[in-house]
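Trainee: sequence first, predicted model second:
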Amino acid sequence: MPPSFPQGLLSDDALPRYVQVASQLWSDITARGAKPGDRLPSERSLATRYAVSRDTLRAALSELASRGLLEPAAARGWFVTGAEQAPAPTGGHTVEGFADYALKHGLATRSRVLESGARPATVKEAETLRIGPGAALFEMRRLRYLDGLVVVLEHNRVPLALCPALAGTDFTAASLYATLRGADPAQFPRVADYSVEARQPRTHERDLLEIDDGTPVLVAEQLTFNQDGRPLELTIQVYRGDRYRFRASITD
């Protein structure tokens, strides 16, 4: 099951109005199957539809633009941007990424990339990701922040053939899942095998996660699969135990 990220979970009513509008607008855009390059209705029309002022509407549009979902064109209006914003396939579940969660709840995100690049996959990684030993693998380690607070140390591994653009993307600001959705063909994180356990932080984890007391860490291992059931991403996430909450729905 995908994780529910830490603390600061706000009810929709507690979010700033422009964030509520941004969330609803993007939901409406994806629900109608909008494609990259599609033009949005006029600002006046959208402001009327969502019963907000033009200033609030523009703030909502700017919020979506800051996430790379929309872009303005002078004298032409607002447009859905590149393929990375293509809507997920209908049916089934999807795995929610860190940036997706932050947008949904109106939280500011920041990443500090510790290392990223391509290298050959080990035999163990190849078996897990169903690729050939030595096949190109994109690997990244980064710290993720919500509203200025460090939350998690992530180690991501993705078969580079699924999305060659990964190697040239600056993930200080970019979303990994948005980049995967922008691949050709698009890669949609659909389901994940997920496990989590608690332990004491190691020295380097303590330093990176700014832990100076007895706070434990929660270590999550996640193998995410795409819309075709193919392994897409292998991730180890080390969370500060006081800034993470796991929630899951159990079904048969």
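Mentor: It's in.
Trainee: tell me where the stretch 1-150 of the chain has helices.
Mentor: Shown for the stretch 1-150 of the chain, the helices assigned by DSSP state H, counting those that start in this stretch span residues 17-31, 43-49, 54-66, 98-105, 123-129.
Trainee: any idea which of those helices gets closest to Thr81?
Mentor: helix 54-66 (8.4 Å; Cβ to Cβ). The way it works is simple: take the backbone N, C-alpha and C, and place the C-beta from them, glycine included.
Trainee: picking that back up, for the helices of the stretch 1-150 of the chain, give me a markdown table that also has mean neighbour count and distance to Ala198.
Mentor: Listed next are the helices of the stretch 1-150 of the chain as a markdown table, based on neighbours: other Cβ atoms under 10 Å; distance: least, Cβ to Cβ, whole Å:
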| stretch | mean neighbour count | distance to Ala198 |
| --- | --- | --- |
| helix 17-31 | 18 | 32 |
| helix 43-49 | 15 | 46 |
| helix 54-66 | 18 | 35 |
| helix 98-105 | 20 | 20 |
| helix 123-129 | 15 | 23 |
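Trainee: could I get the ones you listed as a markdown table with mean pLDDT and distance to Arg142?
Mentor: Listed next are these as a markdown table, based on pLDDT from 0 to 100; distance: least, Cβ to Cβ, whole Å:
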| stretch | mean pLDDT | distance to Arg142 |
| --- | --- | --- |
| helix 17-31 | 82 | 24 |
| helix 43-49 | 93 | 35 |
| helix 54-66 | 85 | 19 |
| helix 98-105 | 70 | 10 |
| helix 123-129 | 97 | 18 |
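Trainee: format those helices as JSON lines; extra columns: distance to Val196.
Mentor: Shown next, in JSON lines, are those (distance: least, Cβ to Cβ, whole Å):
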{"stretch": "helix 17-31", "distance to Val196": "27"}
{"stretch": "helix 43-49", "distance to Val196": "41"}
{"stretch": "helix 54-66", "distance to Val196": "31"}
{"stretch": "helix 98-105", "distance to Val196": "16"}
{"stretch": "helix 123-129", "distance to Val196": "18"}
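Trainee: right, so of those, which gets closest to Phe246?
Mentor: So among those, helix 98-105 is nearest, using Cβ to Cβ, at 12.9 Å.
Trainee: pretty sure Val217 sits against Ile236.
Mentor: No: with contacts counted by Cβ atoms under 8 Å, Val217 stays clear of Ile236, the gap being 11.3 Å.
Trainee: more neighbours, those two?
Mentor: Of the pair Val217 and Ile236, Val217 is the one with more neighbours under other Cβ atoms under 10 Å, namely 24 against 14.
Trainee: can you give me the neighbour number for the nearest residue to the more buried one once chain neighbours are set aside?
Mentor: Spatial nearest neighbour of Val217, excluding adjacent residues (Cβ to Cβ, 6 or more residues apart in numbering): Pro201 at 4.6 Å. Using other Cβ under 10 Å, Pro201 has 20 neighbouring residues.
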